[in-house]
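S.K.: Provided below are the primary sequence and the corresponding predicted coordinates.
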Amino acid sequence: MWRPGDGDPGGGNPSGGGAGDGNPAVASPNGTARRSIRGTQAAPARAGERATGAKAAARRPATWRSSSRPSVEPGPRAWLPVEDDEVLLVTGFDFLQGEVERIVAAAGGLLRVVTDVSEAAPFWDSAAAVLVGSDVRELPPRRRAPAVLVGLSGEGDSLWHLGAAIGAQRVAVLPDAAAWLAEYLSRSRSPEAGGVVLGVTGGCGGAGATTAAIWISQAAAGLGARVLLVDADPWGGGVELALAAEEAPGLRWPDLADASGSIDPGQLADALPVAGGFSFLSWPGSRERPAPVDSSAAGGVLDAARRGFELVVVDIGRNAEPLRTFAWDCDRLLIVVPAQLKAAVASARLLQELPPVDAALVIRGKAGAALDGTLIAESVGLPLHAIMPEIRGTAGAAELGRLLEHGRRRSVRRFAAAVLDLLDGELLSLEAQ
């Protein structure tokens, strides 16, 4: 039986979408306080994290690439009293100030506005949440990463590049993300328990990311975890086909197109189909053009999924839109790469599109792939975490919806156990079976 980890001070992810397309943007890692992990290297901290010094030094396994976030340091508190629910906004843009003032008021919080980083330093560490405007290019030294980068829908892709550069945990594009930001700030004062979000994507086309996501979900469910597999790519053909579960009763993404606001996690879990012992949320496996789901609805669904399941495995795909919508809210990313030079080159290019989320490499290959795994990992620039077995007939099994049968093989179970072992050490406690 798996126990949920610590709470999510952010309360889930914002409504997602690309900057400049009129949709609010999805955020980087969920903001959950870190749970203990194996290892000896210090973990980069996130908003709301309290552990420092020796306690924080035992939190990073060597098999994950460190994100660019600075670690939390106990900064000096301002001599002026600061309310626990005070929100700090750093921006010189009058329009952003006005927008955020209304949002914070709706959330029932207090807002402190400063126009530059030097003014913000005394209040940075004591604020309940730190928001920075898109006019901010540098952060105070040795301060935690800002919770949200706030920008406007007309600013284009520069918001995403800036968010990654400064290590923002989320990017909110106003005015579209106003409702999400108000809810985010409200929940930051009353965190709820949250599960783990593991993103899986392929370093190149046909890498086997969907197969890996299914096998990991199947293995975790077999250990007693409450697991949700999310099909994040509307152009991927529908993960339900690979599960032979297209007739399974339950909601698909188009059924959630009109979802808005906070979604009850229990009701969501009860309404989703089940295959292989885990719940799944799929795009329809049909030839029809998939009905679009608003990015804010997708963000609300993932938020509820985090609160309703112990492990959420997201099959992200490689398209730009799913990467922006979902990758930013993952705790960890697995990049699946075939043991081939061309695939390694493509994977290295993909890294430039990923948010500052800790990532590791999975090499797909035969037993001898481990010999070349280290070289491939070095060429990609990611640590090698596991070898995914190359099993004859896997492609055919995916076409016939028989991947779950392959998932029972010993070599597949060893692969999935290697992934879950790290997640077990970092984020969840697994009781003896």
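M.R.: The structure has been received and is ready for your questions.
S.K.: And for the strand or helix carrying residue 199, what's in contact with it?
M.R.: Element membership of residue 199, judged by DSSP states H and E, is strand 196-202. Here strand 196-202 makes contact (C-beta atoms under 8 Å, 6 or more residues apart in numbering) with 5, 30, 208-210, 212-213, 216, 302, 305-306, 310-318, 323, 326-327, 329-337, 350, 357, 419, 423, 427-428. Yep, even glycine has a C-beta here, placed from its N, CA and C like the rest.
S.K.: Go through that strand and flag the buried ones.
M.R.: Under the neighbour-count criterion of 16 or more other C-beta atoms under 10 Å, strand 196-202 has 196-202 buried.
S.K.: Let me have those residues in CSV, adding distance to residue 404 and pLDDT as columns.
M.R.: Listed next are the buried residues of strand 196-202 as CSV, based on distance: C-beta to C-beta, whole Å; pLDDT from 0 to 100:
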residue, distance to residue 404, pLDDT
196, 22, 91
197, 22, 93
198, 19, 95
199, 21, 95
200, 16, 97
201, 21, 96
202, 20, 94
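S.K.: ok so, going back, list the neighbouring strands of the strand holding residue 199 plus their orientation.
M.R.: Neighbouring strands of strand 196-202 in its sheet, by DSSP bridges, are strand 311-315 (parallel), strand 332-338 (parallel).
S.K.: Check the offset of the longest one from the chain's centre.
M.R.: Here the centre of mass of C-alpha atoms in strand 332-338, compared against the chain's by C-alpha atoms, centre = their mean, to the nearest Å, lies 14 Å away.
S.K.: was I right about residue 186 contacting residue 104?
M.R.: No: Residue 186 is beyond contact range of residue 104, at 9.9 Å (criterion: C-beta atoms under 8 Å).
S.K.: Tell me which of the contacts of strand 196-202 fall in strands.
M.R.: In this view, the contacts of strand 196-202 that belong to strands under DSSP state E are 311-315, 332-337.
S.K.: Most neighbours among these, which one is it?
M.R.: Tallying neighbours with other C-beta atoms under 10 Å puts residue 337 at the head of these, with 31 neighbours.
S.K.: Check what pLDDT that one gets.
M.R.: Looking at residue 337, its pLDDT reads 93.
S.K.: For it, which non-adjacent residue is closest in space?
M.R.: When the adjacent residues along the chain are set aside, residue 337 lies closest to residue 203, with 3.9 Å between them (C-beta to C-beta, 6 or more residues apart in numbering).
S.K.: Tell me how many other residues surround that neighbour.
M.R.: The local packing of residue 203 (other C-beta under 10 Å) involves 28 other residues.
S.K.: Any regions of this structure where pLDDT drops low?
M.R.: Residues of the chain that meet the criterion pLDDT under 70 lie in 1-85, 142-145, 187-193, 260-261, 367-371, 424-433.
S.K.: in it, which residue is closest to the centre?
M.R.: Closest to where the C-alpha atoms of the chain average out (C-alpha atoms, centre = their mean) is residue 330, at 1.3 Å.
S.K.: how close does that one sit to residue 237?
M.R.: Here residue 330 is placed at a distance of 22 Å from residue 237 (C-beta to C-beta, to the nearest Å).
S.K.: for residue 106, same thing?
M.R.: 40 Å.
S.K.: More neighbours: the two, which one.
M.R.: Applying other C-beta under 10 Å to residue 106 and residue 237 shows that residue 237 carries more neighbours, namely 19 against 15.
S.K.: And the helices in the stretch 51-200 of the chain?
M.R.: Per DSSP state H, counting those that start in this stretch, the stretch 51-200 of the chain carries helices over the ranges 53-57, 94-107, 117-124, 158-166, 178-187.
S.K.: Could you dump the ones you listed into CSV with distance to residue 361 added?
M.R.: Formatted as CSV, those follow (distance: least, C-beta to C-beta, whole Å):
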stretch, distance to residue 361
helix 53-57, 25
helix 94-107, 39
helix 117-124, 35
helix 158-166, 20
helix 178-187, 32
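S.K.: Just name the most buried of these.
M.R.: Burial of the helices of the stretch 51-200 of the chain is given as mean neighbour count (mean count of other C-beta atoms under 10 Å); helix 178-187 ranks first at a mean of 23.
S.K.: by how many degrees do that one and helix 94-107 diverge?
M.R.: In terms of direction (axes from the mean of the first three to the mean of the last three C-alpha atoms, to 10 degrees), helix 178-187 departs from helix 94-107 by 50 degrees.
S.K.: Just the CA coordinates for helix 178-187, please, in CSV.
M.R.: What follows is helix 178-187, C-alpha atoms only, in CSV (Å, rounded to 0.1, in the frame of the first residue of the first chain):
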residue,chain,number,x,y,z
ALA,A,178,-6.7,35.0,-13.8
ALA,A,179,-9.1,32.4,-12.4
TRP,A,180,-6.4,29.8,-12.0
LEU,A,181,-4.0,32.2,-10.3
ALA,A,182,-6.7,33.2,-7.8
GLU,A,183,-7.3,29.6,-6.9
TYR,A,184,-3.6,28.8,-6.8
LEU,A,185,-3.0,31.7,-4.3
SER,A,186,-6.0,30.5,-2.2
ARG,A,187,-4.7,27.0,-2.0
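S.K.: Let me see the domain layout of the chain.
M.R.: The record's domain split for the chain, according to automatic domain parsing, is 11-190, 193-430.
S.K.: Show me where the stretch 151-300 of the chain has its strands.
M.R.: Assigned by DSSP state E, counting those that start in this stretch, the strands in the stretch 151-300 of the chain fall at 170-174, 192-193, 196-202, 227-231, 274-275, 278-281.
S.K.: quick check: angle from whichever helix in the chain runs longest to strand 311-315?
M.R.: Taking DSSP state H as the criterion, the chain has its longest helix at helix 410-426. Relative orientation of helix 410-426 versus strand 311-315 (the same axes, to 10 degrees): 120 degrees.
S.K.: residues of stretch 365-381 that come out buried?
M.R.: Within stretch 365-381, the residues scored as buried using 16+ other C-beta under 10 Å are 365, 369, 373, 376-377, 380.
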